[in-house]
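> Below is the sequence, then the predicted model.
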Amino acid sequence: MIELKGIRKQFGDHVVFDDIDLTLERGEIIVIVGPSGTGKSTLLRCINFLETPDAGHLTVGDLSLDATRATHEQILALRRRTAFVFQNYALFANKTALQNIAEGMIVVDGMPKAKAYARGREILERIGLADKADAYPASLSGGQQQRVGIGRAMAANADVILFDEPTSALDPQWVEEVLGLMKQLAAEHQTMIVVTHEMQFAREVADRVVFMDQGRIIEQAPPAELFSQPRDERTQQFLRKILAANAV
Amino acid sequence: MHALDFDYMLGLVPILLGYLPLTLEMAAAGMACALVLACLLAVIRVTRIPGLNAVALLFISFFRGTPLLVQLFLFYYGLPQVLTFLVAINGITATILGLTLHFSAYMAESIRAAIVGIDRSQTEAALSIGMTRAQLMRRIVLPQATRIATPTLMNYFIDMIKSTSLAFTLGVTELMGATQKEAAGSFLYFEAFLVVAVIYWIVVEALSWVQKWLEQRLNRAYQR
């Protein structure tokens, strides 16, 4: 189970969000939508402590911590429980696809190399890139790179995978293969929080869609409900805009 | 004007080549020590470790800001007067020490630039999977920074090889010192220094080939 309580983040005087609460059950898939600049990505980054929250309480699995008093060990433990998929893939340029996936298992989990590579190959198989084990990121397409990025997150064996606009930087022809892989993970009941503008994905895959605007969670509901009967004026407006844009 | 004494020059080559190993050894030792020190300084500068950062800045400022020859004289002739236990320091050690400190100051800055040049998202990715800062540096950042910094570092190495010639001012009979002695005996200064110039030149050219090969090797992972 994952629980965020009273999470606050500010940059200087600018408060990105204040007092965010969010709870996920194991195996649940949450999609966060909302206008740009409302703090969706920042919230995701706070869960992984890529940004340090200025207040609040985080619980992931058996780990519980107070954001303002988190120790170095707690932060490392939290990160191991919350894998992250980046918008721009962020693969290690000096490592092959297989090494990118195995790196965390070897360095962080202290797994023997042979075992980590064996697991890495299994993951490559699952993400459909078994033949690219020895390819470096520079020689992979955007879609392949992002699949490796997801593979690296899968290797962490985390309680939750956080996806930060995983298809936004992709050329249109690669979007489907990445979404396809995410759907595959969803079918395996991988707990995930996805920030995306792909409304079709949200509709198909999410257990719950969370609408954020100006640093607040305005409403959350199963996709069928949120998309057909949004309660709040701001949600309605946002959906009208984005669905009109997608329809074109 | 007299014609060049080719026989003398040819005879000089094997004699001088006998001193090349010492020149190369001093450069290699200086480079190895300078690399370690430069990496240390660069990491201190990048991570801005309080206190140490100020020391690193002062160090870099001093060793970049003063001539190598002055530094060598300071270590060899000056320091033993103050720190009497250094009386035993010989010219070779003093040269290696001087080359190390002098060049590490320059190299630290190019390594720092290479580290800073690595895309920040890779740092975040490494942290996101639970790596410590030290693991991130060792496994992700430094290997890539090495590649970026290699051309510049090789240039410093070449410069260092040539700078070992200053050791003769500390009484070390290396390539330059030997040439000086030979020339003083024969009075054929032009011939002698021409020969030694060509020897330095060939060594540096050979290194440029190594550099090319090394860069190609390091670039393999980044080819599209």
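Looks like it arrived, so ask away.
> Kindly tell me how buried residue A:118 is, as a neighbour count.
12 (other CB atoms under 10 Å in any protein chain shown). Heads up, the C-betas are built off the backbone N, CA and C, glycines and all.
> quick one, what contacts it?
Applying CB atoms under 8 Å, 6 or more residues apart in numbering or on different chains to residue A:118 gives no contacts.
> for residue A:148, same thing?
A:89, A:91, A:97, A:100, A:101, A:127, A:129, A:132, A:137, A:140.
> Does residue A:185 touch residue A:154 like I think?
Yes: if you go by CB atoms under 8 Å, residue A:185 and residue A:154 touch, sitting 7.4 Å apart.
> overlap in contacts of these two?
Common neighbours of residue A:185 and residue A:154, using CB under 8 Å, 6+ apart, are residue A:161.
> did I read that right, residue A:17 in a helix?
No: assigned with DSSP: H, G, I helix; E, B strand; the rest coil, residue A:17 falls outside any helix and is strand.
> gap between the closest residue to it other than its chain neighbours and chain B?
Closest residue in space to residue A:17, ignoring its immediate chain neighbours: residue A:215 at 3.6 Å, by CB to CB, 6 or more residues apart in numbering or on different chains. Per CB to the nearest CB, to the nearest Å, residue A:215 is found 22 Å from chain B.
> how about low-confidence regions in chain A?
A:246-248 (pLDDT under 70).
> Up against chain B, what does it have?
By the rule CB under 8 Å from any CB of the partner chain, the part of chain A lying against chain B is A:48, A:50, A:76-77, A:79-80, A:82-84, A:86, A:88, A:90-96, A:103-104, A:107-108, A:136, A:138-139, A:149, A:152, A:156.
> Of those, just the buried ones, ChimeraX syntax please.
The buried subset of those, as determined by 16 or more other CB atoms under 10 Å in any protein chain shown, is captured in ChimeraX by this line:
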select /A:48,50,76,77,79,80,82,83,84,86,88,90,91,92,93,94,95,96,103,104,107,108,136,139,149,152,156
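> In helices, which of the residues of chain A next to chain B fall?
Of the positions in the residues of chain A next to chain B, A:76, A:77, A:79, A:80, A:103, A:104, A:107, A:149, A:152 sit in helices, assigned by DSSP state H.
> I figured the fourth one hits residue A:105, correct?
To tie it back to what came earlier, the one meant is residue A:80. No: using CB under 8 Å, residue A:80 is not in contact with residue A:105, being 10.7 Å away.
> Need the max-distance pair from the ones in helices among the residues of chain A next to chain B.
Farthest apart among these by CB to CB are A:77 and A:149. That separation is 22.1 Å.
> which parts of chain B sit against chain A?
B:119, B:121-122, B:124-132, B:135, B:139-140, B:143-144, B:147, B:220-224.
> Out of these, list just those in helices.
Reading helices off the residues of chain B next to chain A with DSSP H, I get B:121, B:122, B:124, B:125, B:126, B:127, B:128, B:135, B:143, B:144, B:147.
> which among the residues you listed end up buried?
B:122, B:124, B:125, B:126, B:127, B:128, B:135, B:143, B:144, B:147.
> what's the farthest-apart pair in these?
Going by CB to CB, the pair spanning those furthest: B:128 and B:147, at 23.3 Å.
> so what's the closest residue to residue A:214 other than its chain neighbours up against?
Ranked by CB to CB, 6+ apart and with sequence neighbours excluded, the top spatial neighbour of residue A:214 is residue A:38, at 5.6 Å. Residues in contact with residue A:38 (CB under 8 Å, 6+ apart) are A:212, A:213, A:214, A:215.
> And residue A:38, how close does it get to residue A:232?
Per CB to CB, to the nearest Å, residue A:38 is found 13 Å from residue A:232.
> With pLDDT added, can I get the buried ones among the ones in helices among the residues of chain B next to chain A in CSV?
Output for these, formatted as CSV (pLDDT from 0 to 100):
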residue, pLDDT
B:122, 95
B:124, 95
B:125, 96
B:126, 95
B:127, 95
B:128, 94
B:135, 93
B:143, 89
B:144, 91
B:147, 87
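> Any chance of TSV for these, columns distance to residue A:222?
Listed next are these as TSV, based on distance: CB to CB, whole Å:
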residue	distance to residue A:222
B:122	37
B:124	32
B:125	32
B:126	36
B:127	34
B:128	29
B:135	41
B:143	47
B:144	45
B:147	49
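> Out of those residues, flag the one nearest to residue A:32.
Nearest to residue A:32 among those, with distances taken as CB to CB, is residue B:128, at 17.7 Å.
> Okay, and the beta partners of the residue lying closest to the closest one once chain neighbours are set aside?
The spatially closest residue to residue B:128, leaving aside those adjacent along the chain, is residue A:84, at 3.9 Å (CB to CB, 6+ apart). Listed beta-bridge partners, residue A:84: residue A:162 (assigned using DSSP bridges).
> so where does residue 209 fall, helix or strand?
Picking chain A for this. Assigned by DSSP states H and E, residue A:209 belongs to strand A:208-213.
> sorry, should have said chain B
Going by DSSP H and E, residue B:209 is part of helix B:189-219.
> cool, and residue B:105?
Using DSSP H and E, residue B:105 falls in helix B:91-116.
> Need the mean per-residue confidence for that helix.
Average pLDDT, helix B:91-116: 93.
> what distance separates the one helix or strand in chain B whose mean pLDDT sits lowest from the centre of its chain?
The helix or strand of chain B with the poorest confidence is helix B:79-82; it has a mean of 80 (mean pLDDT, DSSP states H and E). Distance, stretch centre to chain centre, for helix B:79-82: 25 Å (CA atoms, centre = their mean, to the nearest Å).
> in that helix, what's buried?
Neighbour counts over helix B:79-82 (16+ other CB under 10 Å) mark residue B:79 as buried.
> what's that helix packed up against?
Contact partners of helix B:79-82 among helices and strands, from 3 or more CB pairs under 8 Å, 6 or more residues apart in numbering or on different chains; DSSP states H and E: none.
> I'm done for today, thanks for sticking with me.
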